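Student: Predicted model and sequence below, questions to follow.
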Amino acid sequence: MSVPGRMSVSTATKDVAADVAVALPAPVEERPASGLRETLYFAARNKKLVFGLAVTLSMLAIAIVGPYIARHPPLEYGGQLSVPPTTRDGYWLGTTLLGQDVFAQFVTGVRMAFVVGALGGGIAAIIGMVVGFTAGYRGGIVDELLNMVTNVVLVIPTFALLLVIAAYLQVRGIMTEAIFIGLTSWPWAARAVRAQTFSLTSRDFVSLARLSGESSWKIIFKEIAPNMSSYLFMMFILLFGGAILIAATLDFIGLGPSNTISLGMMMQLSVQNAALQLHLWWWFLPPGLAIMLIVGSLYVMNVGLDEVFNPRLRSM
Amino acid sequence: MLRYLLRKLLIYALTFVVAVTIDWSIPHLMPGNPVLTLMGRIQIQDPRVAQHVYASYMRSFNLDLPLWKQYYYFWVSLLHGDLGTSILQFPAPVSSIILHAVPYTLGLLIPATLLSWYVGNKLGALAARRKVLDNTLLPFGYLLTATPYMWLAILMSFVFAVTLQWLPVGFAYDPTAGRGWSLAFGYDLFRHWLLPFLSLFLVACGGWAIGMRNLIIYELESDYAHYLESLGAPRKLVRKYAFRNALLPQITGLALALGAVIAGALVTEIVFSYPGLGYQIYRAITNEDYFVIQGIFLFIIVGVLIANFVVDIVYMIVDPRTRIGMQEGGQA
């Protein structure tokens, strides 16, 4: 698998592992009804969570507000060439070798990163949940079949697959990119959800719901999913970050959206136009830094959440 | 044990068939006649070359045949090692382009993957539940694992090659120097290899360290660890057992992370103009050289499948439960 593989080493492998060989304790929390206040109490005191959330939100603010502040359209060739960051004319991050406004490109790129993350991560999370719930709850032959499909998609390197698809698309948009990323990066999520569902299905309260004649989907959504909501949320965060990284890699290789600019494309254009040799650092430093901050803060936030929801990890 | 291996092989065979089918169907799924579309997009000046390319396209797509026969012939030529002809580097066959590029990519990929796995796991195990180390190593690890591969490569290139000029900016060797098998050439190769290797290694290392650290904490909180502790076992022994158990999912993780590391190697090569598969694929994409892209795709798939199988075998050796068939190990 592609970039999610790297993410899976933090939270996901733990449960891929629980699924397979090592009997790790599945982090399923059963909170009392009054648990919300307690959760918030621990959340506010968790430095990782607060820090991660703060950085993510400030990047989100840049994504939302930035494009309105930028004085030039991101793709316009208007300014002087290769100007270092300046306060003049609103070229706060300077201009590219071709005279484009780096600040405008940067804020647009950050916005695109969030779009790709939300859409790609969202689609992957939904597919992963549907496949995981169905396989884990139904079991038997359905489980076998879905497991087979999951394994096949898991082994195909997502990135290589996207490469071929994107290369043949004549017009590429940010939405298509996000959708394709979502369609290919769900397998580890499906495995994780399946493992959790599997362990919950054998609980008494699920059997009780079954006895009372509720439908399968109602049991899944009302009995099983709420008991792993924190887990699902953390999975979405990891998929979100993963989608941003995959998109950046695709864009860098020259398969980015053809009608806008993204952080990965900024890096590609800067390398292509010898920005390194010309010391145009303001062109290639910001985009990578932004990705690192967004994805890194998401990961740190995720660890914080894990500690809040899972009391055993708190004692540090 | 045999059942376990057969099951794995079945999944890999299935994956290969699916991948080849995707590879075949994507050009066919696009609207219009793929050959005319391709010819319209590549704009070859020389009419003789154009004719040859057209004929080679027609041959590889077999458009005049029924669909199932086209698919059948695709497999036939694939199994003969025929991946088509490159347009950019006409008339070089795609397979020879790939074979020339592969040693560079593997030379980066294999040491970076294995070393980062080893070092990352050691560091992660060291940091878990040790406050000072954890607080310094962990944030660093998160930053590294969130860093896009190409950006670290860009940074390394900018600092060490362009600004400080300690190491060369790009390519696999100095083209002006002689190329024989001499010590000087070996040193030259090493100097060109070092920066791409380091940027790959560092990003991958961060992920492994974090994964290991989290796994060890889970292990240390598990019942057997508490039980050992209550028996008065030395902390070191408990940690050792925890490490061994935590290593199993990390071995599976190695197979899972492979795709990401390969993607990382491709973009790192682009930054350093390192003449491996990534550099070839970049040239192919910017010049719309489709057979090269498709050929490299298939090649990567085969490589990943082989690597997965190797990991499966290692896993079987390390985890006795897979051998006696107690559990389906690995990732299937």
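Tutor: All right, it came through fine.
Student: alpha carbons only for contacts and neighbour counts from here, please
Tutor: Fine.
Student: Apart from its chain neighbours, what residue comes closest to the residue nearest to the spatial centre of chain B?
Tutor: Centroid-nearest residue in chain B: residue B:262, 2.3 Å away (criterion: CA atoms, centre = their mean). Excluding the flanking residues, the one nearest residue B:262 by CA to CA, 6 or more residues apart in numbering or on different chains is residue B:109, at 7.1 Å.
Student: mind checking how far that neighbour is from chain A?
Tutor: 15 Å (CA to the nearest CA, to the nearest Å).
Student: Next secondary structure after the helix or strand where residue B:295 lies?
Tutor: Using DSSP states H and E, residue B:295 sits within helix B:290-318. Using DSSP H and E, the helix or strand that follows helix B:290-318 in sequence is helix B:320-323.
Student: If we go by neighbour counts, what in the helix holding residue B:295 is buried?
Tutor: Judged by neighbour count (16 or more other CA atoms under 10 Å in any protein chain shown), helix B:290-318 contains these buried residues: B:290-302, B:304-305, B:308-309, B:311-312, B:315-316.
Student: Also near chain A: which of those residues, exactly?
Tutor: Counting by CA under 8 Å from any CA of the partner chain, B:290, B:293-294, B:297, B:300-301, B:304-305, B:308 from the buried residues of helix B:290-318 sit close to chain A.
Student: Take those residues and lay them out in a markdown table including pLDDT.
Tutor: Listed next are those as a markdown table, based on pLDDT from 0 to 100:
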| residue | pLDDT |
| --- | --- |
| B:290 | 80 |
| B:293 | 86 |
| B:294 | 85 |
| B:297 | 88 |
| B:300 | 90 |
| B:301 | 89 |
| B:304 | 89 |
| B:305 | 90 |
| B:308 | 88 |
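Student: Tell me, how many residues neighbour residue A:213?
Tutor: Other residues near residue A:213 number 10, with proximity taken as other CA atoms under 10 Å in any protein chain shown.
Student: what's the answer for residue B:244, then?
Tutor: By other CA under 10 Å, neighbour count at residue B:244 equals 12.
Student: mind listing what's buried in the helix or strand hosting it?
Tutor: Using DSSP H and E, residue B:244 sits within helix B:235-272. Buried positions in helix B:235-272, judged by neighbour count with 16+ other CA under 10 Å: B:238-239, B:241-243, B:245-272.
Student: circling back: now do the same for the residue nearest to the centre of chain B: its pLDDT.
Tutor: Listed pLDDT for residue B:262 reads 89.
Student: Ok, residue A:204 next?
Tutor: Reported pLDDT for residue A:204: 84.
Student: same deal with the one 4 residues further on?
Tutor: Turning to residue A:208, the model gives it a pLDDT of 86.
Student: got it, and residue B:151?
Tutor: 94.
Student: what does the stretch 1-150 of chain B put close to chain A?
Tutor: B:11-12, B:14-15, B:19, B:23, B:26-27, B:30, B:129, B:131, B:139, B:142-143, B:145-148, B:150.
Student: Among the residues you listed, name the buried ones.
Tutor: Applying 16+ other CA under 10 Å to the residues of the stretch 1-150 of chain B next to chain A flags B:11-12, B:14-15, B:19, B:23, B:26-27, B:129, B:139, B:142-143, B:145-148, B:150 as buried.
Student: can you pull the contacts of residue A:282?
Tutor: Residues near residue A:282 by CA atoms under 8 Å, 6 or more residues apart in numbering or on different chains: A:84-85, A:93-94, A:102.
Student: distance of it from chain B?
Tutor: With CA to the nearest CA as the criterion, residue A:282 and chain B are 12 Å apart.
Student: ok but that residue is inside a helix, no?
Tutor: Yes: looking at residue A:282 with DSSP: H, G, I helix; E, B strand; the rest coil, it is inside a helix.
Student: What pLDDT is listed against it?
Tutor: 90.
Student: Then residue B:80?
Tutor: The model's pLDDT for residue B:80 equals 84.
Student: now swap in the one 10 residues further on and tell me
Tutor: pLDDT recorded at residue B:90 is 67.
Student: and what of residue A:5?
Tutor: pLDDT at residue A:5 comes out at 35.
Student: do residue B:58 as well
Tutor: Note on residue B:58: pLDDT of 71.
Student: And for it, nearest residue in space, chain neighbours not counted?
Tutor: Residue B:58's closest residue in space is residue B:35 (CA to CA, 6+ apart), at 6.8 Å.
Student: can I assume the one you found is in contact with residue B:55?
Tutor: No: Residue B:35 sits out of contact with residue B:55 when judged by CA atoms under 8 Å, with a separation of 9.6 Å.
Student: Looking at these two now, which is surrounded by more residues?
Tutor: Neighbours were counted for residue B:35 and for residue B:55 using other CA under 10 Å; residue B:35 has more, 20 against 13.
Student: ok, the more buried one to chain A distance?
Tutor: 12 Å.
Student: Determine the three-state secondary structure at that residue.
Tutor: helix.
Student: From residue A:287, how far off is it?
Tutor: 38 Å (CA to CA, to the nearest Å).
Student: same check, this time on residue B:250
Tutor: Applying CA to CA to residue B:250 and residue A:287 gives a distance of 31 Å.
Student: So residue A:86, which state does it fall into?
Tutor: With three-state DSSP as the criterion, residue A:86 reads coil.
Student: from memory it sits against residue A:95, does it?
Tutor: No: counting by CA under 8 Å, residue A:86 stays clear of residue A:95, with 9.4 Å between them.
Student: Tell me which of the two has more neighbours.
Tutor: For residue A:86 versus residue A:95, neighbours defined as other CA under 10 Å are more numerous around residue A:95 (27 against 12).
Student: got the contact list for the more buried one?
Tutor: A:79-85, A:101-102, A:283.
Student: how about a cut-off of 10 Å?
Tutor: A:77-86, A:101-105, A:280, A:282-283 (CA atoms under 10 Å, 6 or more residues apart in numbering or on different chains).
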